[in-house]
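**Student:** the amino acid sequence is not available; the structure is as follows:
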Ligand SMILES: Nc1ncnc2c1ncn2[C@@H]1O[C@H](COP(=O)(O)OP(=O)(O)O)[C@@H](O)[C@H]1O
Ligand SMILES: Nc1ccn([C@@H]2O[C@H](COP(=O)(O)OP(=O)(O)O)[C@@H](O)[C@H]2O)c(=O)n1
């Protein structure tokens, strides 16, 4: 798999980027991580950085609507993320926020933070630096605008979708502190807000759609790995 990855890039020095976008609950994080593991690649969860910045703003009592203060905070935002699929962590300064960034209070403000263009530009620069700096032969990067804005030239670009019902069902299974109805409503509201900023519901030109509605987790990972393998074959002229 490692050698195949280098073939996609056509070089041993430039890491292969597998870009994956999709709505909340489509399986981006879990499927991307498992795909990275299967390919011997790194894994970049871009949503975690939007969440970490949101956590940091809440921690400092900064209102996400105060755009100037958010931008100021972004400049000093000391953020670290683990890109090894077997060693995932998220840190802000010396605080481990891996679990805290999933709390509903963070989820509730993240779209407000993510709609600020300066925030997107600043974080995108960090994502590109992380992708370019991976010591692995490739990196699976997932979010909402990886296939279109962050890495539009990636050799493999995938839109991972699932029906709203399936996505809500998966999410309500994992968050036990909230009712299924509350989880569903929060997810719908967030997708709506996020969709106003970037289109992650329709595949852009050249982006392959993987619909996981009828697939279980392992089948979804296999489907994504197959898209990567197909790209490799195409690059070989076969
Ligand atoms: N194809 C699938 N079938 C069933 N459950 C899945 C599938 N893909 C992902 N999941 C589960 O759904 C939940 C949401 O997945 P996650 O990776 O967090 O999605 P996202 O990052 O797109 O919000 C997780 O608990 C994950 O294990
Ligand atoms: N590339 C990205 C990734 C996330 N985001 C924002 O970050 C939030 C959290 O992303 P996430 O990937 O952790 O969300 P889930 O789909 O895992 O719930 C999203 O709701 C978006 O507001 C973004 O704007 N662009």
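**Tutor:** Nice, thanks for sending it over. Every value quoted in this text rests on a predicted model; they were computed, and no experiment measured them. Ligands and ions are numbered 1, 2, ... in the order given.
**Student:** for the top helix by length along the chain, what is the average pLDDT?
**Tutor:** Determined from DSSP state H, the single longest helix within the chain is helix 217-235. The average pLDDT for helix 217-235 rounds to 89.
**Student:** now swap in stretch 179-188 and tell me
**Tutor:** The model assigns stretch 179-188 a mean pLDDT of 85.
**Student:** so for that stretch, what gets flagged as buried?
**Tutor:** Residues of stretch 179-188 classed as buried: 183, 184, 186, 187 (neighbour count, 16 or more other Cβ atoms under 10 Å). (Glycine included, C-beta is placed from N, CA and C.)
**Student:** contacts for that stretch?
**Tutor:** Contacts to stretch 179-188, defined as Cβ atoms under 8 Å, 6 or more residues apart in numbering, come from residues 24, 25, 104, 107, 108, 164, 167, 168, 171, 172, 175, 178.
**Student:** any residue of stretch 142-149 touching ligand 1?
**Tutor:** No. Figure legend: stretch 142-149 not in contact with ligand 1 (Cβ under 6 Å from any ligand atom); closest approach 6.9 Å.
**Student:** flag every residue of this protein that's near ligand 2.
**Tutor:** 24, 29, 46-48, 50-51, 110-111, 114, 143-146, 190, 194.
**Student:** narrow these to those in strands?
**Tutor:** Among the residues of the chain next to ligand 2, the members found in strands (DSSP state E) are residue 143.
**Student:** and which of the residues of the chain next to ligand 2 is nearest ligand 1?
**Tutor:** residue 29 (3.3 Å; Cβ to the nearest ligand atom).
**Student:** how about the closest one, what does it touch?
**Tutor:** Residue 29 touches 45, 47, 142, counting by Cβ under 8 Å, 6+ apart.
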